[in-house]
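# sequence plus the predicted model coming up.
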Amino acid sequence: QQPVQSPQAVILREGEDAVINCSSSKALYSVHWYRQKHGEAPVFLMILLKGGEQKGHDKISASFNEKKQQSSLYLTASQLSYSGTYFCGTEAFNDYKLSFGAGTTVTVRA
Amino acid sequence: ETGVTQTPRHLVMGMTNKKSLKCEQHLGHNAMYWYKQSAKKPLELMFVYNFKEQTENNSVPSRFSPECPNSSHLFLHLHTLQPEDSALYLCASSQAGTAGNEQFFGPGTRLTVL
């Protein structure tokens, strides 16, 4: 079963922050985050393997709440280059293949 | 070439045609994947190959036939497709055998079935 992402879309001005959520009905082994720009391949951002662990990539960070089977992606002080569609991919225990959410479209404006 | 490459980038075909999509990875990975990306829908996993062996077929219709001759190459053979098969087909690769490995995606083939 695919994870649920929210919100579906968000519009930001440069410098603003945003949070994208990803939740699953299954017990998760890992959560992956990708960003895809229009007409391009999805690009790996980060992977979270342990409950409660936070990882960062420049000013983009993420957390993984294993108990709640949720992950959140934090866009801090957004830049124009952050625009794109963000996908979470989840791996469940004993089912080690990625199931992707529907994506969150982020538009950052000057 | 670096990373994951896919050819062709765009393909238009009729319902009676036979065509093939090609994917090549230059990362030394042992697992390769085919995904379908339709508008407004999540990425759908189609097939997984680990060390050239198919380990996942996600209930894909038989008009899609994958082939993995070695760990670096992956093909998707297409025949008698339907208009609803029009989508972006993405190939990806990763290290095999261990969960939690990041996947690297190719740029995709935009397929249109008339």
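Looks like it came in fine. Numbers count the residues shown, from 1 in each chain, chains lettered A, B, ... in the order given.
# spell out which parts of chain A neighbour chain B.
By CB under 8 Å from any CB of the partner chain, the part of chain A that sits against chain B consists of A:2, A:29-30, A:32, A:34, A:40-44, A:47, A:49, A:87, A:89, A:91, A:96-103. Just so you know, the C-beta spots here come from the backbone N, C-alpha and C atoms, and that holds for glycine as well.
# for the chain, what spans make up the strands?
Answering for chain A, as no chain was given. Secondary structure of chain A by DSSP state E: the strands cover A:4-6, A:9-13, A:18-23, A:28-36, A:43-48, A:54-57, A:60-65, A:70-75, A:84-92, A:95-100, A:104-109.
# ah, no, chain B please
Chain-ordered strands for chain B, with DSSP E as the definition, fall at B:4-7, B:10-13, B:18-25, B:31-37, B:44-50, B:53-57, B:64-70, B:73-79, B:87-94, B:104-105, B:109-113.
# now tabulate those in CSV and tack on mean neighbour count, distance to residue A:69 and mean pLDDT.
Converted to CSV, the strands of chain B look like this (neighbours: other CB atoms under 10 Å in any protein chain shown; distance: least, CB to CB, whole Å; pLDDT from 0 to 100):
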stretch, mean neighbour count, distance to residue A:69, mean pLDDT
strand B:4-7, 18, 30, 96
strand B:10-13, 14, 38, 95
strand B:18-25, 19, 31, 97
strand B:31-37, 23, 23, 95
strand B:44-50, 20, 20, 92
strand B:53-57, 12, 22, 85
strand B:64-70, 16, 31, 95
strand B:73-79, 19, 31, 97
strand B:87-94, 23, 23, 96
strand B:104-105, 21, 25, 94
strand B:109-113, 18, 34, 96
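# for those strands, which one sits closest to chain A?
Go through the strands of chain B one by one with CB to the nearest CB and the one that ends up closest to chain A is strand B:104-105, at 4.1 Å.
# how about the contacts made by residue B:45?
Contacts of residue B:45 were listed using CB atoms under 8 Å, 6 or more residues apart in numbering or on different chains, and they are A:97, A:98, A:99, B:33, B:34, B:35, B:56, B:58.
# not counting sequence-adjacent ones, nearest residue to the fourth one?
What it means is residue B:33. residue B:92 (4.4 Å; CB to CB, 6 or more residues apart in numbering or on different chains).
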